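1. no sequence on this one, just coordinates:
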């Protein structure tokens with residue numbers, strides 16, 4: 001199996017989450033669909049989550065990732081500089097998660113948490129920029145939903161530990177399936193032409209952030225042979 005006790009550690013989960021938020025923020029900066037205020041929000045979120053990763057594993061790599069992510073706020077007025085800063089922070093966090101855990105699960109976990117959290121943050125920003133196009137929201141929703149499914153397969157398809165009980169396994173399937181269904185609902189909600197469609201999609205995304213985080217954590221616990229339920 002790809003899983004390990006290290007891949008279940010809080011610093012790995014938080015590093016993947018920070019990498020995903022920074023990566024989705026880099027994509028949004030590159031698309032040039034929002035102003036610097038959104039990039040300040042993303043940079044603050046990266047510092048908050050990434051700071052948690054550094055707290056559990058106070059190494060130079062995590063510290064550098066946090067600092068580079070914070071620098072994105074300083075260069076938010078420059079599209080390319082912000083894209084590079086957030087992208088670099090994402091790569092640093094991802095490398096840290098892959099070193100402590102394993103590369104493939106680190107990538108799928110990053111994509112799952114980043115796509116869904118990024119969609120939620122961007123949907124929330126519609127309050128500030130209601131004329132923003134909706135296709136980036138759909139792109140992030142598709143990426144996040146597909147990555148949740150892939151993350152489950154990568155971690156658990158190779159086989160379950162013999163000690164794994166049915167309860168945690170069923171819970172992991174339910175969390176992954178719920179996240180996928182919520183992202184599908186987001187897609188259809190965004191098809192509603194008026195602003196309430198975006199509001200509904202954002203509300204669904206808030207729930208999906210919780211279920212996807214639970215899925216990412218639980219599948220790693222199962223792959224590591226830990227039964228938290």
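-> Good, I have the coordinates. In this text, all values refer to a predicted model and were calculated from it rather than measured experimentally.
2. so what's the residue nearest to residue 47 when sequence neighbours are not counted up against?
-> Counting by CB to CB, 6 or more residues apart in numbering, residue 70 is the residue found nearest to residue 47 once chain neighbours are left out, at 5.2 Å. Where you see a C-beta, it was placed from the backbone N, CA and C, and this is true even at glycine. By CB atoms under 8 Å, 6 or more residues apart in numbering, the contact set of residue 70 is 43, 46, 47.
3. quick one: what helix or strand has residue 70 in it?
-> Residue 70 belongs to helix 60-74 when elements are defined using DSSP states H and E.
4. what is the orientation angle of the helix or strand just after that helix with helix 60-74?
-> Sequence-wise, the next helix or strand downstream of helix 60-74 (DSSP H and E) is helix 79-100. Counting by axes from the mean of the first three to the mean of the last three CA atoms, to 10 degrees, helix 79-100 points 160 degrees away from the direction of helix 60-74.
5. helices or strands up against helix 79-100?
-> Packing partners of helix 79-100 (3 or more CB pairs under 8 Å, 6 or more residues apart in numbering; DSSP states H and E): helix 10-31, helix 36-56, helix 60-74, helix 103-124.
6. pLDDT weak spots in the protein?
-> Residue ranges of the chain with pLDDT under 70: 1-8, 100-101, 158-165, 226-229.
7. helix or strand: which one has the closest residue to residue 214 other than its chain neighbours?
-> Leaving aside its sequence neighbours, residue 214 sits nearest to residue 175 (CB to CB, 6+ apart; 4.7 Å). If you go by DSSP H and E, residue 175 is part of helix 166-189.
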